[in-house]
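need a 3D model of the sequence below.
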Amino acid sequence: MPLQQKAIIIGSGVAGLATAIRLAVLGLQVTVFEKNSYPGGKLSSIQQDGFYFDAGPSLFIQPSNIEELFLLAGEPIEKYFTYRPVAIACRYFYEDGTVINAYTNKQDFAEELQAKTGEAPERLYNYLSRSEKLYQNTGAFFLQHSLHKAGTLLSPGIVKALYAVQKKYLLNNLNQVNSHAFSQPHVVQLFNRYATYNGSNPYKAPGMLSLIPHLEHNEGVFYPEGGMISITNALYKLALKKGVTFQFNTAVEKIMISNNHVQGVSTPTGNHDADIVVSNMDVYFTYKELLKNSATAARLLKQERSSSALIFYWGMAREFPQLDLHNIFFSADYQAEFEHLFRYKTLYHDPTVYINITSKYQPAQHAPQGMENWFVMINVPANNGQNWQQLKADARQYVLSKLSRLLQTSLQPLIETEAILDPIMIEDRTSSFMGALYGTSSNSRYAAFLRHPNFSKTIKGLYFAGGSVHPGGGIPLCLKSAAIVSNLIAAHTRQHN
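Predicted coordinates:
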């Protein structure tokens with residue numbers, strides 16, 4: 001490989017940071033351009049009136065993806081990043097008063113489901129066993145390789161992966177798979193929730209998504225010391241250690257192309273040459289704004305956008321012992337909620353509410369004494385021009401009414417401080433088109449194959465990483481996209497040297 005071959009990364013989201021590290025390890029001279037004043041993209045934080053909040057992703061699974069980066073870089077991870085296992089993946093609250101602790105220990109979880117719902121333990125064991133096999137035999141292959149290279153499609157691995165997929169996971173939606181696996185509606189609803197991990201509808205998304213519970217209940221859930229921002233901080237420090245250069249407050253205006261090969265990027269500070277450009281920006285905006293290719297951008301819109309989020313960051317003036325690190329307050333009519341999100345593109349009056357409280361694990365650091373930091377999120381549609389001022393006001397009332405009723409406490413007087421994040425703000429801050437958190441949804445059996453590839457088929461030297469391209473959104477998949485991109489770049493470089 002030529003020494004100091006130049007690579008430019010557009011955006012310092014988690015995939016951009018991981019790609020920068022991997023390319024630096026390969027020996028490239030790497031520069032990251034970031035329009036914001038900080039790294040991390042959605043994986044950022046808020047500090048307000050003595051409260052700390054994770055601003056975006058709040059669930060930490062598969063730490064092996066991060067450990068792999070430090071192993072490749074030859075750096076001891078413990079100097080940068082530490083984490084601990086979580087005993088309860090999530091605490092679920094239902095309208096009839098049922099509360100289920102989804103323990104990460106399978107036996108404890110099975111006993112909990114039997115005690116609270118009457119679900120036979122064997123049903124959970126069988127489900128998680130199938131989930132593990134589906135992930136190991138099929139999911140792992142598709143998540144680690146480009147689906148758009150002939151070498152992948154002709155490899156023995158894909159034959160084995162496809163052979164392991166049963167028709168029910170392709171032909172049935174997630175709700176149908178879960179309804180067959182479990183006898184109790186509360187349990188079906190609990191496992192239907194996993195469709196939201198990539199912004200999809202369990203009544204439309206394929207049963208293949210039943211591999212996701214494996215990651216929590218077979219591999220485990222973890223808490224990163226310092227909150228989720230510690231992931232960003234660790235990767236940023238590692239990138240600096242490996243010689244990566246960062247240009248903050250510098251938005252890329254154009255990807256320069258000559259003879260169908262990238263030449264670098266243009267920014268307000270001038271042109272910057274590079275042999276390789278990796279866009280960690282939403283692929284739609286990459287084509288529309290940076291490549292000035294409106295036709296390709298328009299074709300991308302044929303795929304349905306994923307859901308977005310409306311988040312209230314509330315500093316609460318007291319502690320709630322009945323809540324845990326991760327909490328879900330379910331809608332009484334889950335299917336109606338998703339109909340409103342994806343069909344009517346609006347809110348449902350009884351939304352499912354997620355609350356993350358990191359002060360449960362770090363009370364002194366994340367909230368004043370005797371108080372809690374609540375990250376309160378509901379799924380909302382991507383921005384289609386709705387009246388978000390009205391929707392935010394409505395949502396706030398829906399959430400306060402629901403939580404006050406189920407917690408038997410008037411919450412409004414307890415809010416010491418508040419910040420809000422809506423789809424318009426998500427798009428503005430992270431260049432996520434329409435504020436869609438995961439790019440496109442998985443509401444079809446072909447969704448995985450329709451995601452944009454990690455490379456350009458027409459422009460040499462142009463690659464894509466992040467949640468809007470293969471293999472999808474969420475921290476684990478974004479980190480895997482970085483691995484796919486770096487492997488593609490390494491293979492291409494070897495072929496030409």
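
quick check: buried residues in the strand or helix carrying Arg130?
Assessed by DSSP states H and E, Arg130 sits inside helix 121-134. Buried residues in helix 121-134, counted by 16 or more other CB atoms under 10 Å: Arg123, Leu124, Tyr127, Leu128, Arg130, Ser131, Glu132, Leu134. Where you see a C-beta, it was placed from the backbone N, CA and C, and this is true even at glycine.

as TSV, those with pLDDT and distance to Leu69 would be great.
Output for those, formatted as TSV (pLDDT from 0 to 100; distance: CB to CB, whole Å):
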residue	pLDDT	distance to Leu69
Arg123	98	38
Leu124	98	33
Tyr127	98	32
Leu128	98	28
Arg130	94	31
Ser131	95	26
Glu132	94	25
Leu134	89	26
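
returning to that earlier point: can I get the CA coordinates of the helix holding Arg130 in CSV?
Extracted C-alpha coordinates of helix 121-134, given in CSV (Å, rounded to 0.1, in the frame of the first residue of the first chain):
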residue,chain,number,x,y,z
PRO,A,121,-40.5,-21.3,30.2
GLU,A,122,-39.9,-23.7,27.4
ARG,A,123,-41.4,-21.2,24.9
LEU,A,124,-38.8,-18.6,25.9
TYR,A,125,-35.9,-21.0,25.8
ASN,A,126,-36.9,-22.3,22.4
TYR,A,127,-37.4,-18.8,21.1
LEU,A,128,-34.0,-17.5,22.2
SER,A,129,-32.4,-20.7,20.9
ARG,A,130,-33.9,-20.1,17.5
SER,A,131,-32.9,-16.4,17.7
GLU,A,132,-29.3,-17.4,18.4
LYS,A,133,-29.2,-19.8,15.5
LEU,A,134,-30.7,-17.3,13.2
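
picking up where we left off before, just flag the most distant two among the buried residues of helix 121-134.
Arg123 and Leu134 (16.3 Å; CB to CB).

show me the shaky parts of the stretch 101-250 of the chain.
Counting by pLDDT under 70, the stretch 101-250 of the chain shows low-confidence ranges at 139-141, 145-167.

the strands in it, which residues?
In the stretch 101-250 of the chain, the strands defined using DSSP state E, counting those that start in this stretch lie at 221-224, 245-247.

any idea which of these is most buried?
strand 221-224 (a mean of 20; mean count of other CB atoms under 10 Å).

against Arg22, how distant is Phe60?
With distances taken as CB to CB, to the nearest Å, Phe60 is found 20 Å from Arg22.

now Val14
13 Å.

with Leu403 instead?
Taking CB to CB, one finds Leu403 at 42 Å from Arg22.

the more surrounded of these two?
Arg22 (27 against 19; other CB atoms under 10 Å).

and that one, what element?
helix 14-25.

list the contacts of that helix.
Residues outside helix 14-25 that contact it (CB atoms under 8 Å, 6 or more residues apart in numbering) are 7, 9-10, 12, 30, 32, 34, 39-41, 43, 69, 72-73, 231-232, 235-236, 238-239, 242-244, 276, 278, 280, 465-467, 475, 478-479, 481-483, 485-486, 489.

again, but for stretch 381-396
305-308, 310, 312, 341-342, 345-347, 351, 378, 380, 420, 422-424, 427, 434-436.

now list the buried members of the residues you listed.
Here, 16+ other CB under 10 Å leaves 305-308, 310, 312, 341-342, 347, 351, 378, 380, 422-424, 427, 434-436 buried among the contacts of stretch 381-396.

so which of those residues belong to helices?
Counting by DSSP state H, those place Pro423, Ile424, Glu427 in helices.

which among those gets closest to Thr286?
Nearest to Thr286 among those, with distances taken as CB to CB, is Glu427, at 14.1 Å.

give the contact list for the closest one.
Applying CB under 8 Å, 6+ apart, the residues contacting Glu427 are Asn383, Phe433, Met434, Gly435.

mind listing the helices for the stretch 251-400 of the chain?
283-285, 294-300, 334-338, 363-366, 388-407 (DSSP state H, counting those that start in this stretch).

how far does the second one sit from the chain's center?
What that stands for is helix 294-300. Per CA atoms, centre = their mean, to the nearest Å, the displacement of helix 294-300 from the mean C-alpha position of its chain is 24 Å.

what do you get for the fourth one?
Here the centre of helix 363-366 is set off from its chain's centre by 25 Å, with CA atoms, centre = their mean.

list the buried ones in it?
Buried, per 16+ other CB under 10 Å, within helix 363-366: Pro363, His366.

and it, average pLDDT?
Helix 363-366 comes out with an average pLDDT of 96.

which strands and helices sit next to the helix holding Arg130?
helix 106-117, helix 174-181, helix 185-192, helix 212-214 (3 or more CB pairs under 8 Å, 6 or more residues apart in numbering; DSSP states H and E).

how about TSV for these, with mean neighbour count added?
Output for the helices and strands packed on helix 121-134, formatted as TSV (neighbours: other CB atoms under 10 Å):
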stretch	mean neighbour count
helix 106-117	17
helix 174-181	20
helix 185-192	21
helix 212-214	24
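
using JSON lines, lay out those together with distance to Thr250.
Formatted as JSON lines, the helices and strands packed on helix 121-134 follow (distance: least, CB to CB, whole Å):
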{"stretch": "helix 106-117", "distance to Thr250": "47"}
{"stretch": "helix 174-181", "distance to Thr250": "41"}
{"stretch": "helix 185-192", "distance to Thr250": "43"}
{"stretch": "helix 212-214", "distance to Thr250": "36"}
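
tell me which of those lies nearest to Tyr361.
The nearest among the helices and strands packed on helix 121-134, by CB to CB, is helix 106-117 at 19.2 Å.

which elements pack onto that closest one?
Checked by 3+ CB pairs under 8 Å, 6+ apart, helix 106-117 has strand 99-103, helix 121-134, helix 185-192 packed alongside it.

I'd like to know which of those is closest to Glu225.
strand 99-103 (21.7 Å).

tabulate the helices and strands packed on helix 106-117 (a markdown table), appending distance to Ala332.
Compiled in a markdown table, the helices and strands packed on helix 106-117 are given as follows (distance: least, CB to CB, whole Å):
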| stretch | distance to Ala332 |
| --- | --- |
| strand 99-103 | 15 |
| helix 121-134 | 23 |
| helix 185-192 | 10 |
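
where exactly do the strands run in the stretch 301-450 of the chain?
Going by DSSP E, counting those that start in this stretch, the stretch 301-450 of the chain shows strands at 308-316, 326-329, 353-356, 372-380, 415-421.

number of nearby residues for Gly439?
Neighbours around Gly439, by other CB under 10 Å: 27.

who touches it in this structure?
Asp282, Val283, Arg305, Ser306, Ser432, Phe433, Arg451, Gly467, Ser468, Val469, Gly472, Gly473.

kindly report the same for Gln114.
Ala120, Pro121.

any idea how far Arg193 is from it?
Gln114 is 20 Å from Arg193, by CB to CB.

then Val283?
27 Å.

of these two, who's got more company?
Neighbour count, other CB under 10 Å: between Val283 and Arg193, Val283 has more, with 24 against 21.

could you pull up the residues touching that one?
For Val283, the contact set (CB under 8 Å, 6+ apart) comprises Leu300, Gly439, His452, Phe464, Gly466, Ser468, Val469.

and the least confident of the residues you listed?
Among the contacts of Val283, Leu300 has the weakest pLDDT, 84.
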